[in-house]
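>>> Got a predicted structure here, sequence first:
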Amino acid sequence: MKRMGAALDPTMIPTVPRDWCSKRAISRIRVAAGRKWLDLRVIESRETLRVELAETLVSLGLMDLDGGVVRSPHRIFTQTVAAWAWENGYTGLPEDH
């Protein structure tokens, strides 16, 4: 690779300035101590929901509970997940992006 005619040093590790993210952040979130978050990206969370919401999955014709299903626009299912999370003491869902 070359930049403006000069060879790049392959031993150089590119770095992002420490304040790069903070200058571009539009919000911040802090989880209060003792709060539970349901992280649907974690397989253990989906395994728990697969068991707990098995009847709902079957009734909606959903064959399996994977990452696509929990993030789907299937409103009945996502509201069922939200209700289950609330009833089981979860405060919220972490942002997926």
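Here it is on my side, so go on.
>>> helices or strands next to the helix or strand hosting Lys23 in the packing?
Assessed by DSSP states H and E, Lys23 sits inside helix 20-24. If you count contacts as 3 or more CB pairs under 8 Å, 6 or more residues apart in numbering; DSSP states H and E, helix 20-24 packs onto no helix or strand. (Glycine included, C-beta is placed from N, CA and C.)
>>> start at 824 instead
Done: numbering now begins at 824, and the last item shifts to helix 843-847.
>>> Each with direction, which strands does whatever helix or strand comes next after it pair with?
For helix 843-847, the succeeding helix or strand toward the C-terminus, using DSSP H and E, is strand 859-860. If you go by DSSP bridges, strand 859-860 pairs up with strand 913-915 (parallel).
>>> Contacts for the strand it pairs with, please.
854-855, 858-861 (CB atoms under 8 Å, 6 or more residues apart in numbering).
>>> what mean pLDDT does that strand have?
Across strand 913-915, pLDDT averages out at 79.
>>> for stretch 894-906, same thing?
87.
>>> Measure how far that stretch is from the centre of its chain, please.
15 Å (CA atoms, centre = their mean, to the nearest Å).
>>> Now do the buried residues in that stretch.
Within stretch 894-906, the residues scored as buried using 16 or more other CB atoms under 10 Å are 900, 903-904.
>>> Helices - which of those residues land there?
Counted as lying in helices by DSSP state H, out of these, are 900, 903-904.
>>> ok, so of those residues, who is nearest Ile836?
Nearest to Ile836 among those is Val904, at 41.0 Å by CB to CB.
>>> which ones are touching the closest one?
Contacts of Val904 by CB under 8 Å, 6+ apart are 861, 863, 872, 876, 893.
>>> Filter those residues down to the ones in helices?
Mapping the contacts of Val904 onto helices (DSSP H) picks out 872, 893.
>>> could the contacts of Val904 go into CSV alongside distance to Asp832 and neighbour count?
CSV is the format used below for the contacts of Val904 (distance: CB to CB, whole Å; neighbours: other CB atoms under 10 Å):
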residue, distance to Asp832, neighbour count
Leu861, 45, 21
Leu863, 42, 20
Leu872, 49, 22
Leu876, 54, 19
Val893, 44, 19
